[in-house]
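Undergrad: requesting a structural model of the entry that follows:
(one chain, ligands or ions: 1)
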Amino acid sequence: MKLWGGRFTKGTDSLVEDFHSSISFDKRLYREDIRGSIAHARMLGKTGIITKEESEKIIAGLQEILEDIEAGRVRFSKSAEDIHMNIETILTEKIGDAAKKLHTARSRNDQVALDVRMYLKNECCGVIELLIKLERILLKKASENVETIMPGYTHLQKAQPITLAHHLLAYVEMFWRDMDRLRDCYKRINVMPLGAGALAGTTFPIDRNMVAEELGFQEITNNSLDTVSDRDFIIEFNGAAATIMMHLSRFCEELILWSTNEFNFVEMDDAYSTGSSIMPQKKNPDVAELIRGKTGRVYGNLISILTVMKSLPLAYNKDMQEDKEALFDTVDTLKGCLLTFAPMIETMKINKESMAEGAKGGFTNATDVADYLAAKGTPFREAHRIVGELVLYSINNSKNLEELTLEEYKNFSSVFEEDIYDTISIESCVKRRNVPGGPAPEAVKEALELASARLQQVEDWLENNLDK
Ligand code: ARG
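TA: Numbering: from 1, shown residues only. Down below sits the predicted model:
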């Protein structure tokens, strides 16, 4: 008979049994479920709601079940519906009547909220850990390429010269914000829901703070109705995950472009590329493409959960069981992408010559010519027009700006002198952009130090929160 079968006169239709059972996916929460139940049982014993002996028996039984599951000795049953009732059923088989007291002052509604919160706390830290590793790799690559000149783009048109280090540091910023978002989200995951019961708390004199402390939660939830119907923390996590995927996807898009024959800025290691079944010459950036593609499913999961929660009346509704597959898929996809992306970046070959060459054409130093005039007193708007005409002249005469003679320059403005050539060399264009946050090697070195110190901060945070 079902754990809730007392009120029923016949069994569940077998189709319905398949339909509403969640054990096939929520079995992933077995560790959290057992750990949560142990804390609950200990609290029931301590407060005298059940006897010490009953509490100890339950705890010992749960610990055995944990070992049994990890040793592969447990087969979950679909008719026991979900992980919560599976474990309670197994416990009853194992220790008999005492098991039937475990669910005192508790409901599956607060239990499932607890399990998912515990699971997500851990996964949130895991994702932050992967982001730290990625950041370390990016910082190392950046520090090796402070002088590696490449073109910067707007509208995917060459715009101004920058360095590879500067470009990589842009992603360091994105992933930094991602870590910050996750740490912020973690605060709201880190709240202990048990004690909310089905929706209206319990008549038993429970000690919620004791459970929170044993399970390493920062605080307890405030409102029992909200507690069992809140999935904001899952939505927030998924939102943060979708943003990380968006960043990865943009990065991947650039790597895909950069590995084309046309760009030839980077080459992915053989271990992170694949071939074609028909074209023998091919080496495709499949890993980067797949990460770009998987971004779609993480976005989809976010929309799924948001839509599941939309219009749900308070408090718990079974719709909410649909939160788990989307969440698990996001966690798996995100971790898989980060795990593969980091070593792909670490092992890719950088083609410094092509990058430098790329920075040369396309009049990427035109702004610097205008700045040169402006610095000597020509109003910038006028300088802009003069250089626009200079560029047109150069195009018509198949020359770069560096190749024009001083005479040619003087035809456009008498302000030009011999020092124009030093000013507009590509190296000098980069070096002279020495503002905080700019691409000049000096500014980039400072940015590297800042980023590295910031990373240390997150590492310390992780140290304090991991496994709590
Ligand atoms: N398997 C359910 C879920 O994932 C657990 C809570 C069930 N509660 C209930 N009243 N049916 O949401």
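
Undergrad: count of residues packed around R381?
TA: Each residue near R381 was counted by other Cβ atoms under 10 Å, and the total is 9. For the C-beta atoms, the positions are set from N, CA and C on the backbone; glycine is no exception.

Undergrad: distance from the chain centre to the host helix or strand of it, please.
TA: When secondary structure is defined using DSSP states H and E, the element that contains R381 is helix 380-396. For helix 380-396, the separation from the chain centroid amounts to 45 Å (computed by Cα atoms, centre = their mean, to the nearest Å).

Undergrad: equivalent analysis for stretch 154-161, please.
TA: Centroid separation between stretch 154-161 and its chain, computed with Cα atoms, centre = their mean, is 28 Å.

Undergrad: give me the contact list for the helix holding R381.
TA: 363, 366-367, 369-374, 378, 400-401, 403-404, 408-409, 412-413 (Cβ atoms under 8 Å, 6 or more residues apart in numbering).

Undergrad: if you set the cut-off to 6 Å instead, what comes out?
TA: Outside of helix 380-396, the residues that reach it under the criterion Cβ atoms under 6 Å, 6 or more residues apart in numbering are 363, 366, 369-370, 373-374, 412-413.

Undergrad: tell me the contacts of the residue located most distally from the centre of the chain?
TA: Note on the chain: the largest C-alpha distance from the chain mean falls to E407, namely 55.8 Å (Cα atoms, centre = their mean). Contact criterion Cβ under 6 Å, 6+ apart gives no residues in contact with E407.

Undergrad: which SS class is it?
TA: Remark: E407 carries the secondary structure label helix [criterion: DSSP: H, G, I helix; E, B strand; the rest coil].

Undergrad: near the ligand at all, stretch 180-200?
TA: No. With Cβ under 6 Å from any ligand atom as the criterion, the ligand is not reached by stretch 180-200; the gap is at least 6.9 Å.

Undergrad: isn't there a helix covering M150?
TA: No. Remark: M150 does not belong to a helix; assigned using three-state DSSP, it is strand.

Undergrad: tell me how far the helix or strand hosting N301 is from the chain's mean position?
TA: Under the assignment given by DSSP H and E, the secondary-structure element containing N301 is helix 286-309. Taking Cα atoms, centre = their mean, one finds the center of helix 286-309 at 12 Å from the center of the full chain.

Undergrad: just the pLDDT at the residue farthest from the centre of the chain, thanks.
TA: E407 is assigned a pLDDT of 96 by the prediction.

Undergrad: residues contacting the residue of the stretch 251-400 of the chain at minimum distance from the ligand?
TA: At 3.7 Å from the ligand, Q321 is the closest residue in the stretch 251-400 of the chain, using Cβ to the nearest ligand atom. Under the criterion of Cβ under 6 Å, 6+ apart, the neighbours of Q321 are S22.

Undergrad: over to it: give its phi and psi.
TA: Backbone torsions for Q321, taken as degrees, to the nearest 10, come to phi -60, psi -20.

Undergrad: just to revisit the earlier point, for the residue farthest from the centre of the chain, give its distance to A451.
TA: Distance from E407 to A451, counting by Cβ to Cβ, to the nearest Å: 47 Å.

Undergrad: equivalent analysis for S394, please.
TA: Taking Cβ to Cβ as the criterion, S394 is separated from A451 by 38 Å.

Undergrad: for the lowest-mean-pLDDT helix or strand in the chain, what is the distance to the chain centroid?
TA: Taking all helices and strands of the chain together, the one with the lowest average confidence (mean pLDDT, DSSP states H and E) is helix 14-20, at a mean of 87. The chain centroid and the centroid of helix 14-20 are separated by 35 Å, computed with Cα atoms, centre = their mean.

Undergrad: likewise stretch 316-325?
TA: Here stretch 316-325 is found 23 Å from its chain centre; the criterion is Cα atoms, centre = their mean.

Undergrad: may I have the distance across that stretch, first residue to last?
TA: Distance between the boundary residues of stretch 316-325 (Cα to Cα, to the nearest Å) amounts to 18 Å.

Undergrad: for that stretch, list every residue counted as buried.
TA: The neighbour-count criterion (16 or more other Cβ atoms under 10 Å) identifies 316, 320-325 as the buried residues of stretch 316-325.

Undergrad: could you give the bridge partners of T163?
TA: Beta-bridge pairing of T163 under DSSP bridges involves I149.

Undergrad: about what we covered before: same for the helix or strand just after the least confident helix or strand of the chain, what does it pack against?
TA: Moving toward the C-terminus from helix 14-20, the first helix or strand encountered (DSSP H and E) is helix 23-26. On a contact count with 3 or more Cβ pairs under 6 Å, 6 or more residues apart in numbering; DSSP states H and E, helix 23-26 meets helix 323-347.

Undergrad: mind checking how far the helix it packs on is from the chain centre?
TA: Distance of helix 323-347 from the chain centroid (Cα atoms, centre = their mean) equals 8 Å.

Undergrad: what sits up against the following helix or strand past that helix?
TA: Next along the chain after helix 323-347, taking DSSP H and E as the criterion, comes strand 349-350. Among residues not part of strand 349-350, those counted as contacts by Cβ under 6 Å, 6+ apart are 266-267.

Undergrad: gap between strand 349-350 and the chain center?
TA: Averaged over its C-alpha atoms, strand 349-350 has a centre that lies 25 Å from its chain's centre (Cα atoms, centre = their mean).

Undergrad: following that strand, which helix or strand comes up?
TA: Once the chain leaves strand 349-350, the next helix or strand it forms, by DSSP H and E, is helix 352-360.

Undergrad: residues of that next one that come out buried?
TA: Of the residues in helix 352-360, 355-356, 358-360 count as buried by neighbour count, 16+ other Cβ under 10 Å.

Undergrad: return the member of those residues nearest to E93.
TA: When the buried residues of helix 352-360 are compared for distance to E93 (Cβ to Cβ), M355 comes out closest, at 66.1 Å.
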